[in-house]
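In: Got a sequence here, can you build the structure:
(one chain, ligands or ions: 1)
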Amino acid sequence: DASANQKKVQSDLAGATVAGEQDANLAENSLLNKLLRSELVNCTSDLEVLRQDPSSPLYSVKSFDALNLKPEILKGVYLMGFNAPSKIQETALPSLLAEPPQNMIAQSQSGTGKTAAFVLTMLSRVNTSLNHPQCLCVVPTFELALQIGHVVEQMSKCMTSLRIMYSVKGGHSVSRGQLIDAHIVIGTPGTTLDWSTKLKVFDLKKIRVFVLDEADIMMDIQGLRDQSIRLQRRLSKDNCQMLLFSATYNSPIMQFAQAVVPNPLVIRLKREEESLHNIKQYFIRCANLQEKFHALSNIYGAISIGQSMIFCHTRNTANWLAERMVKQGHAVGILHGELSVGERAVAIQRFRSAKEKVLITTNVSARGIDVAQVTIVVNFDLPVNKKGEAGCETYLHRIGRTGRFGNRGLAINMVDGPRSLATLQSIESHFGRCIQELDPNDIDQVE
Ligand code: ADP
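Out: Model (predicted):
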């Protein structure tokens with residue numbers, strides 16, 4: 001059994017391609033969040049605003065009525081069930097819709113209302129009696145383009161004769177020199193460049209609103225950044241409103257943003273801080289995989305557990321563990337990077353609706369997914385980055401999902417040797433919070 005175990009561990013290590021903090025496929029995760037999200041994310045942190053001329057007034061609105069929208073657009077907004085602007089919309093919308101048009105860089109976490117804000121801007125500025133593209137929105141992938149198109153369709157429900165086209169590989173087909181009559185073009189940077197410069201089906205100089213969405217993801221995908229800059233260079237300098245949106249904020253993104261958006265108003269809504277404040281953290285020493293599983297079984301036998309998430313290093317371990325837990329009678333969901341975005345959405349929704357109370361997952365699926373009701377997080381494997389160092393940020397993301405909204409959370413870490421013990425100690429000193437040792441045969445110590 002021990003040698004079988006050893007083999008298992010080795011094959012796990014060989015298959016450890018999904019490990020590491022960088023491996024999360026950002027575009028897919030973003031799409032997943034859009035598919036799963038049905039309402040605004042509540043954000044209580046303060047809004048930061050940076051502008052060229054700090055003495056110029058900055059307006060904010062508390063209602064959509066106060067924005068002087070065209071009646072058919074206002075009706076569309078209310079039909080979507082929006083009652084009042086979200087926090088970022090309160091400040092962004094008056095500037096987005098003002099005359100003369102202002103450029104903007106806006107950053108806030110996903111789910112805070114950025115898409116709705118720029119779609120509203122595009123709809124307000126488009127003139128449907130002119131039969132050529134006037135608004136251009138570029139995003140990293142085909143699927144994200146379709147998601148935005150879907151929002152445009154919903155919000156423009158009461159606007160007759162608005163036409164959208166998708167400049168994505170496998171989207172609408174166009175032929176060289178044949179001018180298109182859509183009002184809004186949504187696509188990926190590469191195909192959009194082809195359409196405008198090689199095939200010449202529309203004139204970038206006639207674009208009045210240019211939106212670059214998911215800028216942080218653009219940065220991450222080879223080529224998209226440069227294609228976006230090439231597109232932007234061909235727009236009208238004086239007659240096109242340029243807008244850039246990003247869920248994250250760091251200096252490479254801001255450098256890119258400043259290169260693409262001249263003289264912007266910068267609006268930033270800081271992410272809700274995740275903390276380990278409400279969370280009890282423990283660790284258990286195990287000699288091998290079998291002992292880890294044994295300890296896990298003891299935990300599930302000893303304490304009553306609502307929803308729990310178990311994080312594994314690799315897909316192999318995740319599958320192995322799922323099989324064993326199912327044999328013990330648990331209803332288990334599984335989430336890993338080989339699943340399609342649709343399959344992942346189904347797994348998360350089953351877990352959310354408590355059809356399965358245990359969700360076993362690898363790192364790829366760990367980020368940015370909101371499952372509020374998790375009471376226990378188990379690190380079956382501790383998070384490490386590509387260099388094998390402690391993945392403190394990932395640890396916080398994993399554990400931070402318990403203990404929300406004032407609930408007490410519980411985190412249990414499995415340690416199986418000197419390396420993982422060292423990882424645990426780095427995490428402990430990084431956060432300056434004690435992780436207590438737990439005897440796997442005496443789980444009742446857990447408070
Ligand atoms: P982001 O682009 O920042 O991820 P979205 O614009 O997609 O955010 O908004 C997130 C969710 O909240 C969507 O389901 C959207 O329909 C909804 N939403 C956006 N703005 C409002 C609003 N003002 N009131 C209610 N719901 C809103």
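
In: C-alpha from now on. contacts and neighbour counts both.
Out: Noted.

In: quick check, residue 268 in a strand?
Out: Yes. Secondary structure assignment places residue 268 in a strand (DSSP: H, G, I helix; E, B strand; the rest coil).

In: Local confidence estimate at it?
Out: Confidence per residue is given as pLDDT, and for residue 268 that number is 93.

In: count of neighbours near it?
Out: Other residues within reach of residue 268, judged by other C-alpha atoms under 10 Å, total 22.

In: Near the ligand, which residues of this protein are found?
Out: Counting by C-alpha under 6 Å from any ligand atom, the positions of the chain adjacent to the ligand are 37-40, 82-86, 110-116.

In: Tell me which two of those sit farthest apart.
Out: Put simply, by C-alpha to C-alpha the two of the residues of the chain next to the ligand set farthest apart are 83 and 110, 19.5 Å from each other.

In: With neighbour numbers in mind, choose between those two.
Out: Taking other C-alpha under 10 Å, residue 83 and residue 110 do not tie; residue 110 has more neighbours (20 against 13).

In: Does the more buried one touch residue 247 like I think?
Out: Yes. Checked against C-alpha atoms under 8 Å, the pair residue 110 and residue 247 is within contact range at 5.7 Å.

In: Helices of the stretch 251-400 of the chain, residue ranges please.
Out: 251-260, 289-302, 315-327, 341-352, 392-399 (DSSP state H, counting those that start in this stretch).

In: tell me the most buried of the ones you listed?
Out: The highest average neighbour count among those, using mean count of other C-alpha atoms under 10 Å, belongs to helix 392-399 at a mean of 19.

In: Now do the helix or strand following that helix against helix 289-302, angle only.
Out: Using DSSP states H and E, the helix or strand that follows helix 392-399 towards the C-terminus is strand 409-415. For the pair strand 409-415 and helix 289-302, the angle between their directions (axes from the mean of the first three to the mean of the last three C-alpha atoms, to 10 degrees) equals 160 degrees.

In: Strand 409-415 - which strands sit beside it in the sheet, and in what orientation?
Out: Taking DSSP bridges as the criterion, strand 409-415 sits next to strand 279-285 (parallel), strand 374-379 (parallel) in its sheet.

In: list the helices and strands the helix or strand just after that strand packs on?
Out: Elements were assigned by DSSP H and E; along the chain past strand 409-415, the next helix or strand is helix 418-431. Under the contact criterion of 3 or more C-alpha pairs under 8 Å, 6 or more residues apart in numbering; DSSP states H and E, helix 418-431 touches helix 392-399.

In: roughly how far is the helix it packs on from the heart of the chain?
Out: Centroid displacement of helix 392-399 relative to its chain, using C-alpha atoms, centre = their mean, to the nearest Å, is 15 Å.

In: quick check: angle from that helix to helix 418-431?
Out: Between the axes of helix 392-399 and helix 418-431, defined by the same axes, to 10 degrees, the angle is 80 degrees.

In: Provide the backbone phi and psi angles at the closest residue to residue 31 other than its chain neighbours.
Out: With C-alpha to C-alpha, 6 or more residues apart in numbering as the measure, residue 144 is the residue that lies nearest to residue 31, at 6.2 Å, once sequence neighbours are left out. Main-chain torsions, residue 144, degrees, to the nearest 10: phi -70, psi -30.

In: residues near residue 41, how many?
Out: The number of residues near residue 41, taken as other C-alpha under 10 Å, comes to 15.

In: Thought residue 111 was touching it, still the case?
Out: Yes. Look at residue 41 against residue 111 with C-alpha under 8 Å: they come within range, at 5.1 Å.

In: for residue 180, what are its contacts?
Out: 131, 132, 133, 174, 201, 202 (C-alpha atoms under 8 Å, 6 or more residues apart in numbering).

In: Turn the strands paired with strand 409-415 into a markdown table, columns for mean pLDDT and mean neighbour count.
Out: Supplementary listing: those in a markdown table, determined by pLDDT from 0 to 100; neighbours: other C-alpha atoms under 10 Å:
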| stretch | mean pLDDT | mean neighbour count |
| --- | --- | --- |
| strand 279-285 | 92 | 20 |
| strand 374-379 | 87 | 23 |
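
In: Would you mind measuring from residue 379 to residue 349?
Out: Counting by C-alpha to C-alpha, to the nearest Å, the separation of residue 379 from residue 349 is 22 Å.

In: cool, residue 334 as well?
Out: Going from residue 334 to residue 349 by C-alpha to C-alpha gives 12 Å.

In: same check, this time on residue 418
Out: Residue 418 is 37 Å from residue 349, where distance means C-alpha to C-alpha.

In: what's the answer for residue 133, then?
Out: Counting by C-alpha to C-alpha, the gap from residue 133 to residue 349 is 38 Å.

In: now swap in residue 357 and tell me
Out: 11 Å.

In: Now for the closest residue to the ligand within the stretch 251-400 of the chain, how many residues are close by?
Out: Among residues of the stretch 251-400 of the chain, the one nearest the ligand by C-alpha to the nearest ligand atom turns out to be residue 269. It sits 10.5 Å away. The tally of other residues near residue 269 (other C-alpha under 10 Å) stands at 22.

In: quick one: contacts for it?
Out: The neighbourhood of residue 269, defined by C-alpha under 8 Å, 6+ apart, consists of 45, 46, 47, 48, 88, 107, 108, 109.

In: looking at these, which has the most residues close by?
Out: Ranked by the number of neighbours (other C-alpha under 10 Å), these place residue 107 first, at 27 neighbours.

In: Angles on the backbone of that one, please.
Out: When quoted as degrees, to the nearest 10, the phi and psi of residue 107 stand at phi -130, psi 130.

In: partners of it in the sheet?
Out: On DSSP bridges, the residues paired with residue 107 through beta bridges are residue 246, residue 268.

In: Could you check the pLDDT of it?
Out: In the predicted model, residue 107 carries a pLDDT score of 94.

In: One more: residue 52?
Out: Model confidence at residue 52 (pLDDT) stands at 73.

In: Find the nearest non-adjacent residue to residue 141, please.
Out: residue 188 (6.0 Å).

In: Near that neighbour, how many other residues are there?
Out: Neighbours around residue 188, by other C-alpha under 10 Å: 26.

In: What pLDDT does the model give it?
Out: Taken from the predicted model, the pLDDT recorded for residue 188 is 96.
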